[in-house]
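# Coordinates only, no sequence provided:
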């Protein structure tokens with residue numbers, strides 16, 4: 001139960017904090033505080049997961065060098081490149097080629 005609370009608090013605080021940072025200037029201090037709190041809860045969640053005999057999230061795979069290498073290098077860069085395409089191509093069609101929003105959307109629909 002403790003691991004779930006740490007993990008949930010970490011994810012909620014990080015997501016809400018990053019959302020606040022992206023909003024107006026008045027919310028930035030609260031956003032930074034939430035991100036810092038989320039990072040602390042994340043460290044507590046990882047610490048709990050490493051010490052508990054049956055953790056919510058088993059971190060045994062992170063001890064394998066090939067898993068870490070594939071996740072942090074090629075896997076991460078590949079996901080960034082592939083998942084950025086639906087956002088960047090319509091902008092290129094609209095701004096670069098002067099197409100309408102409908103036409104650029106139809107170009108990337110498939």
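Nice, I can see it. Predicted model only: the values in this text are computed from it and were never measured.
# who does the helix or strand harbouring residue 80 touch, helix- and strand-wise?
Assigned by DSSP states H and E, residue 80 belongs to helix 76-91. In terms of contacts (3 or more Cβ pairs under 8 Å, 6 or more residues apart in numbering; DSSP states H and E), helix 76-91 is packed against helix 101-107. Every C-beta, even on glycine, is put in place using the N, C-alpha and C of the backbone.
# pLDDT of the helix it packs on, averaged?
Helix 101-107 shows a mean pLDDT of 90.
# which of the residues in the helix holding residue 80 are buried?
residue 90 (16 or more other Cβ atoms under 10 Å).
# do stretch 7-19 as well
Quick answer for stretch 7-19 (16+ other Cβ under 10 Å): 7, 9, 10, 13, 14, 16, 17.
# okay, the last one: pLDDT?
Among the per-residue scores, residue 17 shows a pLDDT of 93.
# Quick check: the gap between the residue nearest the centre of the chain and residue 53.
Nearest to the mean C-alpha position of the chain, by Cα atoms, centre = their mean, lies residue 15 at 8.4 Å. Applying Cβ to Cβ, to the nearest Å, the value for residue 15 to residue 53 is 29 Å.
# Equivalent analysis for residue 32, please.
According to Cβ to Cβ, residue 32 and residue 53 sit 36 Å apart.
# before we move on, which element is the residue nearest to the centre of the chain in?
helix 2-22.
# List the buried residues of whichever helix or strand comes after that helix.
Going down the chain from helix 2-22, the next helix or strand is helix 28-51, by DSSP H and E. Buried residues in helix 28-51, counted by 16+ other Cβ under 10 Å: 31, 34, 35, 37, 38, 41, 42, 44, 45, 46, 48, 49.
# Using CSV, please lay out the residues you listed together with distance to residue 25.
Rendered in CSV, the data for these read as follows (distance: Cβ to Cβ, whole Å):
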residue, distance to residue 25
31, 10
34, 16
35, 16
37, 20
38, 21
41, 26
42, 26
44, 30
45, 31
46, 32
48, 36
49, 36
